[in-house]
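Engineer: Just to be clear, the model below is a prediction. Sequence and coordinates:
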Amino acid sequence: MALVTWHSNYTVNVKEIDKQHQQLISIMNELHDGMKAGKGKEVLSRVLDELIKYTAFHFKYEEMLFDKFSYPDTAVHKRQHADLVQQVLEYKENFDSGKKILTIEVMDFLKEWLTNHIVGADKNYSSFLNGKGVV
Ligand SMILES: [Fe+2]
Ligand SMILES: [Fe+2]
């Protein structure tokens, strides 16, 4: 069983962004699968790298749309993105420097953050972007 299953409630009504969110969820689930197979620590480094790369790509994509259409909540939303990037980089740094890192803690944090952000801040831009013809 996967950690997070895509739910219709997660849709932001923008096809490309839903696709990117599904990809983010899939990267998180890789970590979950690795843990289940008893190699959480082994896959953690690789998954964190993937996550860092993909979140950077995804956040840039959303922020490009905010800038393009002057989305009113741009500043707050960008702040949330920056905080997540910071947190994931911290996990990665701790991991690389050999500090004990709790895989379960990372997973819980990511699951909470991602689902809350999608159904909160991200869903908030749906009607705005749809109104600009972004669907
Ligand atoms: Fe997003
Ligand atoms: Fe976002």
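Structural biologist: Received, thanks. Ligands and ions are numbered 1, 2, ... in the order given.

Engineer: Which pLDDT does the model give His21?
Structural biologist: pLDDT recorded at His21 is 97.

Engineer: What of Tyr71?
Structural biologist: 98.

Engineer: Neighbours of it, how many?
Structural biologist: The number of residues packed near Tyr71 is 19, by other C-beta atoms under 10 Å. From N, CA and C alone the C-beta is placed, and that goes for glycine too.

Engineer: got a list of what the most centrally placed residue in the chain touches?
Structural biologist: The centroid of the chain falls nearest to Leu114 when counting by C-alpha atoms, centre = their mean (4.9 Å). Applying C-beta atoms under 8 Å, 6 or more residues apart in numbering to Leu114 gives the contacts 4, 21, 24-25, 28.

Engineer: Next, find the distance separating it from Leu51.
Structural biologist: 10 Å (C-beta to C-beta, to the nearest Å).

Engineer: what's stretch 56-64 in contact with?
Structural biologist: Stretch 56-64 is contacted from outside by 16-17, 20-21, 23-24, 74, 77-78, 81, 85, 122, 125, using C-beta under 8 Å, 6+ apart.

Engineer: let's see 10 Å
Structural biologist: By C-beta atoms under 10 Å, 6 or more residues apart in numbering, the residues outside stretch 56-64 that reach it are 12, 14, 16-17, 19-21, 23-24, 71, 74, 77-78, 80-82, 84-85, 88, 121-122, 125, 129.

Engineer: before we move on, back to that, what strand or helix carries the residue nearest to the centre of the chain?
Structural biologist: In this structure, Leu114 sits in helix 103-117 according to DSSP states H and E.

Engineer: and that helix, anywhere near ligand 2?
Structural biologist: No: shown here: helix 103-117 not in contact with ligand 2 (C-beta under 5 Å from the ion), separated by at least 5.6 Å.

Engineer: Return the distance of that helix from the chain's centre.
Structural biologist: Computed by C-alpha atoms, centre = their mean, to the nearest Å, the chain-centroid distance of helix 103-117 equals 9 Å.
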